[in-house]
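>>> just coords:
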């Protein structure tokens, strides 16, 4: 839950400002590390069922969902995926 701080200035009586700490708490943390082997979750239909490696940790979406740049050895392209689309490879 975001905590808000109302502005005390006269020109901004009705504006609501969010504290930096409140925004930090709303964002999820990256759970996978660079170089870690991952695979698509069973519910993810947009990725081939292959083994991928995390190349880079990317900034989170506006909604606070962590993003990753991943690549499979079977493909020449790099893909950007949300954390919810992948899981650690066993």
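Ah, there it is. If you're wondering where the values come from, they're calculated on a predicted model, not measured in any experiment.
>>> report the contact partners of the residue nearest in space to the middle of the chain.
Residue closest to the mean C-alpha point of the chain, counted by C-alpha atoms, centre = their mean, is residue 66 at 0.9 Å. Contacts for residue 66 (C-beta atoms under 8 Å, 6 or more residues apart in numbering) come out as 28-31, 57-58, 60, 82-83. (Glycine included, C-beta is placed from N, CA and C.)
>>> excluding sequence neighbours, find me the nearest residue to residue 38.
Excluding the flanking residues, the one nearest residue 38 by C-beta to C-beta, 6 or more residues apart in numbering is residue 86, at 4.4 Å.
>>> burial measure for that neighbour, as a count.
22 (other C-beta atoms under 10 Å).
>>> close enough to count as contact, it and residue 70?
Yes. Applying C-beta atoms under 8 Å, one finds residue 86 in contact with residue 70, separated by 6.9 Å.
>>> now the common contact residues for those two.
When contacts are counted by C-beta under 8 Å, 6+ apart, residue 86 and residue 70 have 38, 52 as shared neighbours.
>>> who's the residue nearest to residue 38 bridged to?
residue 40 (DSSP bridges).
>>> that's a helix at residue 84, yeah?
Yes. Counting by DSSP: H, G, I helix; E, B strand; the rest coil, residue 84 is located in a helix.
>>> from residue 77, how far off is it?
Residue 84 sits 21 Å away from residue 77, going by C-beta to C-beta, to the nearest Å.
>>> residues in contact with residue 60?
For residue 60, the contacting residues are 27-28, 66-67, by C-beta under 8 Å, 6+ apart.
>>> distance of it from residue 74?
Residue 60 is 28 Å from residue 74, by C-beta to C-beta.
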